[in-house]
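K.L.:
Requesting a structural model of the entry that follows:
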Amino acid sequence: MSKHGKILVAMSGGLDSTVAAVMLAQQGYEVVGITMKTWDYANSGGSKKETGCCSLDSINDARSIAVQHGIHHIILDIRDEFGDFVIDNFVEEYLAGRTPNPCVLCNTHIKWEALLKRANQLDCEFIATGHYAQVREENSRYVVSKGLDENKDQSYVLWGLSQKSLSQTRFPLGGFRKKDIRQMAIDMGYTDLANKSESYEICFVPDNDYRGFLKRKVDGLEQKVEGGDFVTSDGKILGKHRGYPFYTVGQRKGLEIAIGEPLFVLEIQPETNTVVLGKEIELQRKGMWVRNVNMSKFEKLNNPIESITKIRYKDPGSLSLIEQKEDKMKVIFYSDVKAIAPGQSAVFYDGNDVIGGGWIQSSFDI
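P.N.:
Reported below is the predicted structural model:
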């Protein structure tokens with residue numbers, strides 16, 4: 001019988017999940033490795049060679065590593081669920097004039113649900129992933145907090161996990177820095193894996209061309225949306241654009257329009273196929289509404305509190321006052337914040353702890 005119980009570990013074949021699985025086995029857990037095939041690159045129509053967590057090479061790497069360490073390994077095909085939910089949402093959000101956050105959606109509704117379902121079938125008490133984050137129990141709540149390595153912290157993409165999911169989740173890498181994990185991999189004999197470059201692309205858009213992906217997924221999209229107007233915030237027409245789904249709030253490059261000074265995308269109006277442009281200072285906002293809020297540290301906020309609020313993954317965060325109104329959060333920033341993009345995640349922090357998070361609905365000025 002294992003020392004700590006039976007645990008199901010998501011193994012992608014990459015550095016972090018490999019070290020996480022081997023580390024847990026060495027700690028005395030009975031480890032079962034699972035590799036989830038979430039998408040099929042052949043169906044995306046891109047030009048780049050298949051790489052990343054769902055490629056055949058990565059799946060084979062995960063299985064080989066599991067065999068080397070006596071870890072039972074299974075492959076779970078969740079392409080249908082992933083495609084129907086994550087990819088469809090990705091397309092729908094751009095068509096609605098928003099900027100999607102597919103990794104958060106996948107973690108919350110696909111990967112964790114698949115892991116917990118299979119863990120139950122295999123009598124595993126816990127699940128684990130290679131995320132750089134931490135989770136603990138406090139005041140009868142399961143609280144997500146930042147990983148030790150601030151540069152690699154992934155708590156931002158985990159705000160959507162339910163209390164039930166968190167109660168069974170372990171993040172073995174949360175207390176380590178990336179450089180230490182690389183050294184562990186070398187010590188385990190995986191030098192090539194330790195030196196492998198990391199990809200930050202969306203897994204189902206490995207060529208990083210989301211516009212091309214949208215064109216391939218939606219028949220006749222270019223013809224339907226091309227020729228809309230670029231306008232200023234006061235309605236002056238500046239020129240024609242290629243179609244509103246191909247732009248994001250805050251974008252400056254690739255606008256193909258010149259008026260003698262830099263212009264940025266301020267707003268996207270899908271109803272009229274209009275893209276509003278303006279100066280950088282016009283991107284500044286004092287507040288925002290966040291919808292579908294999921295709480296981590298507290299069950300509910302009865303009064304407004306201060307938090308550090310992040311509006312994108314690499315955002316250092318800004319001091320704000322947050323006030324919960326049912327499943328929405330009203331956020332007032334103490335200093336103006338630039339380029340708040342509807343559709344992205346907003347995550348609220350109390351120090352290193354995640355208070356909660358949700359989807360950005362809209363921004364406003366006071």
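K.L.:
which residues of the stretch 101-250 of the chain fall in strands?
P.N.:
Assignment of strands within the stretch 101-250 of the chain using DSSP state E, counting those that start in this stretch yields the ranges 126-128, 133-138, 141-146, 169-170, 229-232, 237-240.
K.L.:
Quick one: mean pLDDT for the fifth one?
P.N.:
Model confidence over strand 229-232 averages 97 on the pLDDT scale.
K.L.:
Can you give the strand pairings for that strand, parallel or anti for each?
P.N.:
Each strand paired with strand 229-232, and its direction, by DSSP bridges: strand 237-240 (antiparallel), strand 274-278 (parallel).
K.L.:
so which of those strands is the most packed in?
P.N.:
strand 274-278 (a mean of 22; mean count of other Cβ atoms under 10 Å). For glycine as for every other residue, the C-beta is placed from the backbone atoms N, C-alpha and C.
K.L.:
just how off-centre is that strand within its chain?
P.N.:
Centre-to-centre, strand 274-278 and its host chain are 27 Å apart (Cα atoms, centre = their mean, to the nearest Å).
K.L.:
What residues sit buried inside the helix or strand containing Ile322?
P.N.:
If you go by DSSP states H and E, Ile322 is part of strand 318-325. For strand 318-325, a neighbour-count test (16 or more other Cβ atoms under 10 Å) marks 318, 320, 322, 324 as buried.
K.L.:
What of stretch 5-13?
P.N.:
6-13.
K.L.:
Ok, which of the strands of the stretch 101-250 of the chain comes nearest Tyr200?
P.N.:
Ranking the strands of the stretch 101-250 of the chain by proximity to Tyr200 (Cβ to Cβ) places strand 133-138 first, at 17.0 Å.
K.L.:
gap between the closest one and the chain center?
P.N.:
19 Å.
K.L.:
contacting residues around it?
P.N.:
142-148, 153-155, 158, 166-167, 169-171, 174-175, 297 (Cβ atoms under 8 Å, 6 or more residues apart in numbering).
K.L.:
for stretch 279-286, same thing?
P.N.:
233, 249-250, 261-264, 266, 332-333, 336-340, 363-366.
K.L.:
Now for the residue nearest to Met288 when sequence neighbours are not counted, how many residues are close by?
P.N.:
Spatially, and ignoring its direct neighbours in sequence, Met288 is nearest to Ser363 (4.4 Å; Cβ to Cβ, 6 or more residues apart in numbering). Ser363 has 22 neighbours, counted by other Cβ atoms under 10 Å.
K.L.:
Also Gly250?
P.N.:
Using other Cβ under 10 Å, Gly250 has 16 other residues around it.
K.L.:
I'd like to know how far the nearest residue to it once chain neighbours are set aside sits from Leu214.
P.N.:
Nearest non-adjacent residue to Gly250, counting by Cβ to Cβ, 6+ apart: Ala339, 3.1 Å away. According to Cβ to Cβ, to the nearest Å, Ala339 and Leu214 sit 21 Å apart.
K.L.:
Tell me who's in contact with Ala128.
P.N.:
7-10, 20-21, 24, 169-172.
K.L.:
wait, Val144
P.N.:
Counting by Cβ under 8 Å, 6+ apart, Val144 has contacts 133-135, 155, 158-159, 161, 166, 296, 353-354.
K.L.:
same thing with Arg312?
P.N.:
Contact analysis of Arg312 by Cβ under 8 Å, 6+ apart lists 341, 344-345.
K.L.:
How about Met23?
P.N.:
Applying Cβ under 8 Å, 6+ apart to Met23 gives the contacts 172-173, 184.
K.L.:
Could you check which helix or strand contains Leu301?
P.N.:
Assigned by DSSP H and E, Leu301 falls within no helix or strand.
K.L.:
And it, what's its pLDDT?
P.N.:
Model confidence at Leu301 (pLDDT) stands at 97.
K.L.:
re earlier: buried only: go through the contacts of strand 133-138 for me.
P.N.:
Of those, these count as buried by 16+ other Cβ under 10 Å: 142-148, 153-155, 158, 166, 169-171, 174, 297.
K.L.:
how about the residue nearest to Met288, secondary structure?
P.N.:
What DSSP: H, G, I helix; E, B strand; the rest coil gives for Ser363 is strand.
K.L.:
For Gly227, state which of the buried residues of stretch 5-13 is nearest.
P.N.:
Checking the buried residues of stretch 5-13 against Gly227 with Cβ to Cβ, the nearest one is Ser12 at 42.1 Å.
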